[in-house]
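Peer 1: Below is the structure, and that's it, no one-letter string:
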């Protein structure tokens with residue numbers, strides 16, 4: 001299974017979804033990890049408390065950019081409350097490395113990464129920036 005998940009992460013890294021210009025977004029928040037050089041900006045466009053669009057731009061390692069891509073796909077179309085709940089579930093899943101199932105199946109690709117504490121911030125950087133944009 002690890003090779004399948006690795007392929008998913010690499011696909012999102014090489015072909016990121018929702019990466020681009022943030023000028024049309026309602027709110028933009030930035031996250032950075034000086035330790036490894038990851039820098040991400042996450043923008044949201046809402047319509048009646050629904051995330052109409054979630055986009056990102058930035059630079060970083062393959063895990064950071066893949067996570068931002070997957071995060072944008074998982075949260076576009078959710079209500080603000082649903083997105084906030086998913087973010088909290090994602091953070092809890094990463095804190096509890098004994099928990100088997102991810103909050104949603106799409107996030108299972110990060111299962112192997114959870115075992116490496118040094119990579120935790122790489123995965124969660126975009127999620128935390130999104131949480132700040134929703135606040």
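Peer 2: Alright, I've got the coordinates. Please read these numbers as outputs of a predicted model, since none were measured by experiment. Numbers count the residues shown, from 1 in each chain.

Peer 1: all contacts plus neighbour counts: C-alpha atoms, from now on.
Peer 2: Noted.

Peer 1: can you pull out the strands in this structure?
Peer 2: Ranges of strands within the chain are 27-33, 38-47, 50-59, based on DSSP state E.

Peer 1: Could you dump these into JSON lines and include mean neighbour count and distance to residue 9?
Peer 2: Shown next, in JSON lines, are the strands of the chain (neighbours: other CA atoms under 10 Å; distance: least, CA to CA, whole Å):
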{"stretch": "strand 27-33", "mean neighbour count": "18", "distance to residue 9": "19"}
{"stretch": "strand 38-47", "mean neighbour count": "22", "distance to residue 9": "16"}
{"stretch": "strand 50-59", "mean neighbour count": "21", "distance to residue 9": "15"}
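
Peer 1: if I look at residue 129, how far off is residue 40?
Peer 2: From residue 129 across to residue 40, the span is 8 Å (CA to CA, to the nearest Å).

Peer 1: Now list whatever residues contact both of the two.
Peer 2: 30, 31 (CA atoms under 8 Å, 6 or more residues apart in numbering).

Peer 1: Near residue 117, how many other residues are there?
Peer 2: By other CA atoms under 10 Å, the residues close to residue 117 number 12.

Peer 1: Check residue 132 too.
Peer 2: Residue 132: 16 surrounding residues under other CA under 10 Å.
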